[in-house]
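>>> my questions are about this predicted structure, shown below with the sequence.
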Amino acid sequence: MARYYFTLLFVVIVVGIMAFHCESISDTTRSIPGAEDEVQAYSTGHTLRLSECPGSCTQRCSKASKHKPCMFYCNLCCSKCLCVPPGTYGNKQVCPCYNNMKNARGGPKCP
């Protein structure tokens, strides 16, 4: 039963990411981002593109004892926040959205 819920959650996340990605593609075809867009992205902590999340999460989770859950939650958080803190631990203040996401128990959701 837990496997069914995990599969359902995975499908919902994948569909959400695909919808977000399709929306961002249509936005980029309408306008070409300039330098001011980059400055705004850095000031709000949104420094990554969706396609850069897996590489950043691989680096973030490289020393994690539970690599698969770390990668799952890191990619989930990155897809929403477009930011992954530098290093393998800590530094969450760099990405406020990533830092403020909580799980059902109120603990940190993102590794």
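Received it, and whenever you're ready, just let me know what you need.
>>> quick one: contacts for K80?
97, 101 (C-beta atoms under 8 Å, 6 or more residues apart in numbering). (Each C-beta comes from the backbone N, C-alpha and C, glycine too.)
>>> do P86 as well
Contacts of P86 by C-beta under 8 Å, 6+ apart are V94.
>>> that one - that's part of a helix, no?
No - P86 is assigned coil when assessed by DSSP: H, G, I helix; E, B strand; the rest coil, not a helix.
>>> now do stretch 6-14: distance to the chain's middle.
Per C-alpha atoms, centre = their mean, to the nearest Å, the displacement of stretch 6-14 from the mean C-alpha position of its chain is 15 Å.
>>> for stretch 90-110, same thing?
Taking C-alpha atoms, centre = their mean, one finds stretch 90-110 lying 11 Å from the centre of the chain it belongs to.
>>> what residue lies at the spatial centre of the chain?
With distances taken as C-alpha atoms, centre = their mean, C78 lies nearest the centre of the chain, 0.7 Å away.
>>> could you look up the SS state of that residue?
C78 ends up helix, using three-state DSSP.
>>> from R3, how far out is it?
25 Å (C-beta to C-beta, to the nearest Å).
>>> same deal with S56?
28 Å.
>>> compare these two (neighbour count), which wins?
A count of neighbours by other C-beta atoms under 10 Å puts S56 above the other of S56 and R3, at 19 against 7.
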